[in-house]
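*Asks:* prediction below, plus the sequence it came from.
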Amino acid sequence: MPLKSLVAVGLLASASVLAADTAKPPSAPVPLLWKVSDKDNAVYLLGSFHLLRPGDYPLSAEVEAAFADAERLMFELAPEEMQSPAMPQMMLQAALRTDGRTLQQELDAATWRRLEGWAGKNGMPVVSFNNLEPWFVGLTISIVEMTRQGLDPKLGLDNHFMDKARAAGKPTAGLERAQEQIGVLDGMEATEQRQFIVEALDQAEKGSAETERLHRAWRRGDAEELWNGMAADMKRQYPRLYRRINVERNDAWVPKVQRILTQPGNDDALVVVGALHLLGEDGVVEKLRDRGYRVERVCSSCALSGMSGNE
């Protein structure tokens, strides 16, 4: 999933969370779960949807079994950072403009008019964005839109397993630090940041249908649909943005996952990250497979639906 949803928890302090859809779907979500093994231990890779609904629980037996088997868990950010009340302030501080210009001066007239229309629709004065960088505004748009559709970060898969690990006394860690994750956005070039806000407005104008399509694909465990819906267009239209948000971070994470596999002993781990980071040729799954590890998809219902266990 793009980074705009990865740091949702920090921004939702100021976003309006509307009533969630509590209708429970008839079955547990099909897991985006892979097992990576060497001769003595394993790492389970679980693709997260960062904002979910009550009806997305309980999870499948395979996911619960992976949690039970894991001696420790890893997330994009360690729980003490991701769930810290200081996170929103860190993000806001990074997003404040220091160049003496306003957001309106930076954006082209058409994009500013679109932002003005979105802000008015959501009861926000558009001038309140003027002292902020485009990446933060794009992130705000995305989170507001998703929460309007009943998706809640408190119910996201990351938060769910952070709470479970805490209750079970299992150690946790992060693949990156909060400042690094914020820096991915704040360090984008001006062109990339403007693309970021345009993409967020594009998604907002598509309405709930786009988010619902991706959410249903996640529930079905449909890796191909998620790849096409979340990554393929971004890779084609905004290649530099895609590389910064996805490829560079995956490349930094793979050696950290490898260290779990190569360390002495037979402790297993569960790694929970946004689904996008596991999919496609740039994903962590394929990068580990290319390094010679045995990788298999853990999904009993995938066989029934014709999905490959090794996709």
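*Replies:* In hand now; what should we look at?
*Asks:* what lies in contact with the one helix or strand L261 maps to?
*Replies:* Counting by DSSP states H and E, the element that carries L261 is helix 248-262. Here helix 248-262 makes contact (Cβ atoms under 8 Å, 6 or more residues apart in numbering) with 36-38, 41-43, 45, 74, 175-176, 184, 267, 269, 271, 273, 277, 282-284, 287-288, 291, 293. Bear in mind the C-beta positions are built from the backbone N, C-alpha and C, glycine included.
*Asks:* again, only using 6 Å
*Replies:* Contact with helix 248-262 is made by 38, 43, 175, 269, 277, 284, 287, as judged by Cβ atoms under 6 Å, 6 or more residues apart in numbering.
*Asks:* nearest residue to the third one other than its sequence neighbours?
*Replies:* In other words, L175. In this structure, L175 finds its nearest non-sequential neighbour in W253, 4.7 Å apart by Cβ to Cβ, 6 or more residues apart in numbering.
*Asks:* count the neighbours of the one you found for me.
*Replies:* Counted by other Cβ atoms under 10 Å, the residues lying close to W253 total 19.
*Asks:* quick one, grab the pLDDT at it.
*Replies:* W253 carries a pLDDT score of 97 in this model.
*Asks:* how close does it sit to F67?
*Replies:* According to Cβ to Cβ, to the nearest Å, W253 stands 20 Å off from F67.
*Asks:* cool, A190 as well?
*Replies:* 42 Å.
*Asks:* thinking again about what came up before, quick one: which of the contacts of helix 248-262 is most hemmed in?
*Replies:* Among the contacts of helix 248-262, the one with the most neighbours (other Cβ under 10 Å) is H277, at 27 neighbours.
*Asks:* what's near enough to touch it?
*Replies:* By Cβ under 6 Å, 6+ apart, the contact list for H277 reads 250, 284.
*Asks:* now it. Its backbone dihedrals?
*Replies:* Here is the backbone geometry of H277 (degrees, to the nearest 10): phi -70, psi -10.
*Asks:* ok so, going back, with neighbour numbers in mind, choose between A190 and F67.
*Replies:* It is F67, of A190 and F67, that has more neighbours when counted by other Cβ under 10 Å, with 20 against 11.
*Asks:* is the closest residue in space to the more buried one that isn't next to it in sequence in a helix, a strand, or coil?
*Replies:* For F67, ignoring the flanking residues on the chain, the nearest one in space by Cβ to Cβ, 6+ apart is L270 at 5.7 Å. Secondary structure for L270, judged by DSSP: H, G, I helix; E, B strand; the rest coil, is strand.
*Asks:* ok, now how distant is L270 from L279?
*Replies:* Per Cβ to Cβ, L270 is found 18 Å from L279.
*Asks:* you'd agree E145 is up against A204?
*Replies:* Yes - E145 sits in contact with A204 when judged by Cβ atoms under 6 Å, with a separation of 5.0 Å.
*Asks:* is the closest residue in space to K235 that isn't next to it in sequence within a helix or a strand, and which one?
*Replies:* In space, and not counting its chain neighbours, K235 is closest to Y242: 4.4 Å by Cβ to Cβ, 6+ apart. Taking DSSP H and E as the definition, one finds Y242 inside helix 239-242.
*Asks:* chain center to that helix, what's the gap?
*Replies:* 16 Å (Cα atoms, centre = their mean, to the nearest Å).
*Asks:* tell me what it is packed against?
*Replies:* helix 190-206 (3 or more Cβ pairs under 6 Å, 6 or more residues apart in numbering; DSSP states H and E).
*Asks:* in terms of secondary structure, what does the following helix or strand past the helix it packs on contact?
*Replies:* Using DSSP H and E, the helix or strand that directly follows helix 190-206 along the chain is helix 208-220. Under the contact definition 3+ Cβ pairs under 6 Å, 6+ apart, helix 208-220 sits against no other helix or strand.
*Asks:* what residues does helix 208-220 touch?
*Replies:* Contact with helix 208-220 is made by 29-30, 49, 149, 203, 225-226, 229, as judged by Cβ under 6 Å, 6+ apart.
*Asks:* pLDDT below threshold where in the stretch 201-311 of the chain?
*Replies:* Scanning the stretch 201-311 of the chain for pLDDT under 70 picks out 303-311.
*Asks:* run the last query once more with 50
*Replies:* 304-311 (pLDDT under 50).
*Asks:* for the stretch 1-150 of the chain, same thing?
*Replies:* Within the stretch 1-150 of the chain, the stretches with pLDDT under 50 are 1-25.
*Asks:* one more time with 70, if that's ok
*Replies:* In the predicted model, the stretch 1-150 of the chain carries pLDDT under 70 at residues 1-26.
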